[in-house]
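[1] I'd like to go over a predicted model; first the sequence, then the structure.
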Amino acid sequence: MTADLDPQLEQQIAAWREYVGRRQAIDGRDVDELEDHLRGQIDRLEASGLAPDEAFLVAVKRMGGLDDLSREFAREHSDRLWKQLVMAEPGSAPRSRALPLAIALAFGAAIAVKIPALFGIDFESDGDFYARNIAVLVLPFLAAYFLIRHRSSAMTVVAVAAPFAVAALVLNIYPFGTDAATLTLAAIHAVVALWIVTGIAYANGDVRSSRARMDFVRFTGEWFVYFVLIALGGAVLIGLTMGVFGAIGLDAADVVENWLLPCGIAGAVVVAGWLVEAKQSVIENIAPVLTKLFTPLFTVLLLAFFVAGLVQGSLVDPDDGLVMFGQRDMLIIFDVVLVVVLALLLYALSARDPLVEASWFDRLQLVMVVAAILVDLLVLIAMVSRIAEYGASPNKLASLGLNLILLANLAGAAWLQLRFVIGRTRFARLERWQTGFIPVYLAWSAVILVVFPPVFGYR
């Protein structure tokens with residue numbers, strides 16, 4: 001190994017070493033080994049006539065991608081892989097503080113959902129309070145996890161904290177009526193808006209970066225998967241708890257309903273976020289597997305629904321109103337389907353290698369998007385008919401606005417997907433189009449949260 005290198009080159013090697021050291025599958029001994037290889041490559045390249053900075057760049061390139069290196073070391077050292085993921089070793093890099101931080105914030109979230117109980121607001125009897133405030137009680141701790149991990153600037157902290165404060169005020173100061181539709185809409189859209197705000201913390205304030213937005217999309221999909229897995233495990237734990245205590249004549253229902261369930265859900269939000277970050281550099285991204293599994297299924301579902309609509313006959317009966325879409329619940333179900341389809345499309349884009357040419361899967365995605373557009377048009381026809389027949393309401397206008405945004409999003413995505421498939425545009429344009437709509441969904445959620453209640457008399 002070279003004894004003395006150029007000071008600037010030493011700085012470059014130190015920066016490279018620090019970056020490599022963040023990988024969970026690569027510990028300090030592995031970094032030392034990799035550095036030896038890197039320095040050996042630099043020596044040979046300099047001996048061949050390259051300048052130090054040129055030799056460094058070529059040597060790093062020859063070392064291979066860090067994701068590949070991480071997977072190689074994970075396979076070779078699988079015995080210590082999971083230990084490194086969950087246990088901090090003395091003197092290890094700052095990355096080892098992620099788990100203690102996540103655990104502390106998970107406990108903080110669990111405590112936050114129990115603080116209202118000190119004021120007589122019980123989880124069992126005052127479920128509407130928790131349904132209204134769940135986002136402002138729990139999501140700040142996930143956002144704090146990212147802000148602390150990134151050592152974010154004061155400006156970024158304020159940009160994240162301010163929307164949480166506004167949402168908390170709106171949800172608890174607005175004089176909502178009993179069983180008000182605007183309250184339900186505000187609570188649902190507060191979750192959406194504040195989740196996107198959490199994305200600002202995830203991106204460390206880099207909100208203009210299309211790549212940072214797409215990374216947050218990927219995080220969202222994987223977070224959902226981990227949260228569901230934790231929830232399933234929690235359900236088993238609750239079942240066993242009830243069974244064990246029931247076997248000795250004790251009823252654990254009160255503890256489960258008022259402590260285990262709310263605190264577990266709150267803590268799982270943060271722990272799932274840590275799990276996504278912890279496994280990101282070690283285990284193969286699960287997004288491609290999930291998207292290739294569910295994209296064909298949802299494509300068939302949408303096409304079957306559209307064909308069924310055509311076979312059913314006219315969408316609007318001039319005498320009896322809507323035939324196929326007469327029920328509000330039916331419209332809600334298909335709105336959910338459209339949102340899931342868009343989420344699936346985004347998740348697939350986030351998992352794709354942007355340098356790979358279009359494949360059969362990209363063509364299948366195009367079919368899915370076109371089918372979603374056709375279904376969205378049917379739903380829009382039904383919504384306009386309902387508004388014309390029964391008048392406007394907060395629910396109808398919120399749903400109408402969402403479907404118009406979805407239609408614009410999907411239409412642009414279909415056009416760019418077609419151009420990409422035929423080789424007329426780059427994949428990066430697809431990414432920019434989709435990530436460009438994230439602020440639109442944030443703005444629409446904010447309108448429903450802040451503007452809809454007073455406009456509709458808090459009903």
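    Done, it's in. Here the structure is a predicted model, which means the values were calculated and not measured.
[2] all strands of this protein, in order?
    316-317, 321-322 (DSSP state E).
[3] and this protein, split by domain according to the record?
    Per automatic domain parsing, the structural domains of the chain span 7-86, 97-279, 287-425.
[4] how far away is Ala47 from Gly40?
    Counting by C-beta to C-beta, to the nearest Å, the separation of Ala47 from Gly40 is 11 Å. Bear in mind the C-beta positions are built from the backbone N, C-alpha and C, glycine included.
[5] mind checking the longest helix of this protein?
    Looking across the chain with DSSP state H, the single longest helix is helix 210-247.
[6] packing partners for that helix?
    With contacts taken as 3 or more C-beta pairs under 8 Å, 6 or more residues apart in numbering; DSSP states H and E, helix 210-247 sits against helix 181-202, helix 261-279, helix 287-312, helix 328-351, helix 427-436.
[7] export those helices to TSV and tack on mean neighbour count and distance to Leu229?
    Formatted as TSV, the helices and strands packed on helix 210-247 follow (neighbours: other C-beta atoms under 10 Å; distance: least, C-beta to C-beta, whole Å):
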stretch	mean neighbour count	distance to Leu229
helix 181-202	22	19
helix 261-279	21	8
helix 287-312	15	13
helix 328-351	18	16
helix 427-436	18	26
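[8] of those, which is nearest Asp122?
    Nearest to Asp122 among the helices and strands packed on helix 210-247 is helix 261-279 (10.3 Å), distances taken as C-beta to C-beta.
[9] now the closest one: mean pLDDT?
    Across helix 261-279, pLDDT averages out at 89.
[10] if we can go back for a sec, among the helices and strands packed on helix 210-247, which comes closest to Glu54?
    helix 427-436 (28.2 Å).
[11] starting at the chain centroid, how far to the closest one?
    On the basis of C-alpha atoms, centre = their mean, to the nearest Å, the separation between the geometric centre of helix 427-436 and that of its chain is 17 Å.
[12] any idea how many residues pack against Ile248?
    The local packing of Ile248 (other C-beta atoms under 10 Å) involves 6 other residues.
[13] do the one 5 residues further on as well
    The number of residues packed near Ala253 is 13, by other C-beta under 10 Å.
[14] residue ranges with poor pLDDT in this structure?
    1-5, 22-30, 64-96, 124, 279-288, 309-331 (pLDDT under 70).
[15] more neighbours: Ala47 and Gly40, which one.
    Remark: of Ala47 and Gly40, Gly40 carries more neighbours, 13 against 9, as counted by other C-beta under 10 Å.
[16] ignoring the adjacent residues along the chain, who's closest to Ala411?
    Ile373 (6.1 Å; C-beta to C-beta, 6 or more residues apart in numbering).
[17] circling back to that earlier point, may I see the domains of the chain organised as TSV, with distance to Ile438 added?
    As requested, the domains of the chain are exported to TSV (distance: least, C-beta to C-beta, whole Å):
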stretch	distance to Ile438
domain 7-86	25
domain 97-279	6
domain 287-425	9
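[18] between those, which gets nearest to Thr435?
    Per C-beta to C-beta, nearest to Thr435 of the domains of the chain: domain 97-279, 3.7 Å.
[19] closest to the centroid, which residue in the chain?
    In the chain, the residue lying closest to the centroid (C-alpha atoms, centre = their mean) is Thr220, at 1.1 Å.
[20] can you tell me how far it sits from Ile196?
    Distance, Thr220 to Ile196, by C-beta to C-beta: 9 Å.
[21] among the helices and strands packed on helix 210-247, which is nearest Glu357?
    That would be helix 427-436 among the helices and strands packed on helix 210-247, by C-beta to C-beta, at 9.1 Å.
[22] and that closest one, what does it pack onto?
    Partner elements for helix 427-436 (3+ C-beta pairs under 8 Å, 6+ apart): helix 210-247, helix 328-351, helix 394-421.
[23] run through who's touching it.
    By C-beta atoms under 8 Å, 6 or more residues apart in numbering, the residues outside helix 427-436 that reach it are 210-211, 213-214, 217, 345-346, 349, 352, 354-355, 409, 412-413, 416-417, 419-420.
[24] so how do I select the buried members of these in PyMOL?
    Buried residues within these, by 16 or more other C-beta atoms under 10 Å, are selected in PyMOL with:
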select buried, resi 210+213+214+217+345+346+349+352+409+412+413+416+417+420
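[25] now stretch 390-405, how far from the chain's geometric center?
    The answer for stretch 390-405 is 25 Å, by C-alpha atoms, centre = their mean.
[26] do the same with stretch 109-129
    On C-alpha atoms, centre = their mean, the centre of stretch 109-129 falls 26 Å from the chain's centre.
[27] so which residues make contact with it?
    Applying C-beta under 8 Å, 6+ apart, the set of residues contacting stretch 109-129 from outside is 130, 134, 137-138, 140-142, 257-259, 261-267, 269-270.
[28] which stretches in the stretch 51-200 of the chain count as helices?
    52-63, 66-76, 78-86, 98-114, 127-150, 154-173, 181-202 (DSSP state H, counting those that start in this stretch).
[29] any chance of the ones you listed in TSV, plus distance to Asp6?
    Formatted as TSV, those follow (distance: least, C-beta to C-beta, whole Å):
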stretch	distance to Asp6
helix 52-63	5
helix 66-76	24
helix 78-86	33
helix 98-114	34
helix 127-150	31
helix 154-173	35
helix 181-202	37
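[30] could you say which of these is packed most deeply?
    helix 181-202 (a mean of 22; mean count of other C-beta atoms under 10 Å).
[31] and Leu406, how many neighbours?
    Using other C-beta under 10 Å: Leu406 sits among 23 other residues.
[32] please tell me how far it sits from Val337.
    Distance, Leu406 to Val337, using C-beta to C-beta: 11 Å.
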